[in-house]
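**Student:** coords please:
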Amino acid sequence: MRDPRVQKLAKTLAGYSVNVQPGENVLVEMIGPERDLLQAVVEEVAALGGNPFVLLTDKMVQRTMLMNATEEMIRTWAETDLNRMKQMQGYIGIRSGENVNELADVPEDKMKMYNSLYNHPVHSEQRVKHTKWVVMRYPSPSMAQLANMSTQAFEDFYFDVCNLDYAKMDRAQDSLQTLMNRTEQVRIVGPGATDLTFSIKDIPAIKCSGTANIPDGEVYTAPVRNSVNGTIAYNAASVYNGITFENVTFRFENGKIVEATSNDTEKLNKILDSDEGARHIGEFAIGFNPYILTPMKDTLFDEKIAGSLHFTPGQAYEIADNGNRSSIHWDLVLIQRPEYGGGEIYFDDRLIRKDGIFVVPELECLNPENLK
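**Tutor:** Sure, this is the predicted structure:
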């Protein structure tokens, strides 16, 4: 018998996140071995009158393809999948059971080629800009291990997070969106090196409440491209191209990352040298999901951590556009709750969040006790 929490999640994905309408084509991509949620989503899309299509992807097989890839092969791969994506009005991506480091030994030149020739046109340009999409993870023992939890405890945590009342969260986000839309200058301060300033003037703030990611819980915008100055030291580890990066620190001058260090500074800088836009920021977001408290090297969870922010080198979203273009979009997370060192966010010299808690009356609705 199917877990009722799975069915509830499938209804959220098809009916709320993607809002499937009769006659719409919806691609459901499953990366991993999980089948219960995949089947439930297909049923829910069909029940709403949509046409479900399924793509099954295996990370180990993908690694083998990339290890043997040529430029011609990746261009053909991208052309084929781009043609399919152009026929879709909706996309639901489910990732499950994968080894986060599966692609760690794929040569850098092949990963760069894959990101620029495949991911950029198929996902960044077509899927993100022209479909109603949602991307999510599904619980697995490997994810529980990353979260330092038992499999059962992680599964319970997962459904608390993913079956949150996102409509309630959406209403609570209105006040932060309004405040960000009238803010010009942002300052981020933290222990050690972090002291960063930038402008968000005239760039729209966008609410994220379960319509693009599950789990969700952030409001994002982008800095004016050349306005970023100072230093940010991230404190959540991040996996990019299968490699785990820790203690990432960027120093900015007039919008550009002029110095970047981490546990693997050489590889970090190679990523940032992918193209001209990779050394500029495409997104600034504030996270506040009340159930997500600790990083687990999974961006979809980590960027929503209560009391966090992320500051993203690479491609800007068209809906909150600062003009930055890149083949990468890398959400790096700074947690500002006391157990992670604390920190402050200022809007136009007004303190709006301290040590991960909103301290102005109009934003208190986004503090954990008011979202659960």
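
**Student:** CA only for contacts and neighbour counts going forward, please
**Tutor:** Fine.

**Student:** so residue 235 sits in a strand?
**Tutor:** No. Under DSSP: H, G, I helix; E, B strand; the rest coil, residue 235 falls outside any strand and is assigned coil.

**Student:** For it, give me the backbone phi and psi.
**Tutor:** phi -120, psi 10 (degrees, to the nearest 10).

**Student:** Give me the number of neighbouring residues for it.
**Tutor:** Counted with other Cα atoms under 10 Å, residues neighbouring residue 235 total 18.

**Student:** In contact with it: list those residues for me.
**Tutor:** Applying Cα atoms under 8 Å, 6 or more residues apart in numbering to residue 235 gives the contacts 246-248, 333-335, 340.

**Student:** Tell me which entries of these lie within strands.
**Tutor:** Among those, the members found in strands (DSSP state E) are 333-335.

**Student:** Reformat these as CSV; add distance to residue 67, neighbour count and pLDDT.
**Tutor:** Output for these, formatted as CSV (distance: Cα to Cα, whole Å; neighbours: other Cα atoms under 10 Å; pLDDT from 0 to 100):
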residue, distance to residue 67, neighbour count, pLDDT
333, 30, 27, 98
334, 33, 28, 98
335, 35, 28, 98
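
**Student:** Next, format these as a markdown table and append distance to residue 18.
**Tutor:** Below are the ones in strands among the contacts of residue 235 laid out as a markdown table (distance: Cα to Cα, whole Å):
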| residue | distance to residue 18 |
| --- | --- |
| 333 | 26 |
| 334 | 29 |
| 335 | 29 |
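
**Student:** and stretch 54-70, which residues are buried?
**Tutor:** Judged by neighbour count using 16 or more other Cα atoms under 10 Å, the buried positions of stretch 54-70 are 59, 63, 66, 69.

**Student:** Check which helices and strands the secondary structure element (helix or strand) that the third one belongs to is in contact with.
**Tutor:** Secondary-structure assignment from DSSP states H and E places residue 66 in helix 59-67. Helix 59-67 is packed against helix 108-114, with contacts defined by 3 or more Cα pairs under 8 Å, 6 or more residues apart in numbering; DSSP states H and E.

**Student:** How about residues contacting the helix it packs on?
**Tutor:** So helix 108-114 is contacted by 66-67, 69, 71, 74, 241, 274 (Cα under 8 Å, 6+ apart).

**Student:** which residues of the stretch 1-150 of the chain fall in strands?
**Tutor:** In the stretch 1-150 of the chain, strands defined by DSSP state E, counting those that start in this stretch lie at 25-31, 51-57, 90-96, 132-138, listed in chain order.

**Student:** So what touches the last one?
**Tutor:** Which is strand 132-138. 13, 17-19, 34, 89-97, 127, 210-215, 300.

**Student:** which of these count as buried?
**Tutor:** 13, 17-19, 34, 89-97, 127, 210-215, 300.

**Student:** pLDDT on stretch 183-195, on average?
**Tutor:** Regarding stretch 183-195, the rounded mean pLDDT is 95.
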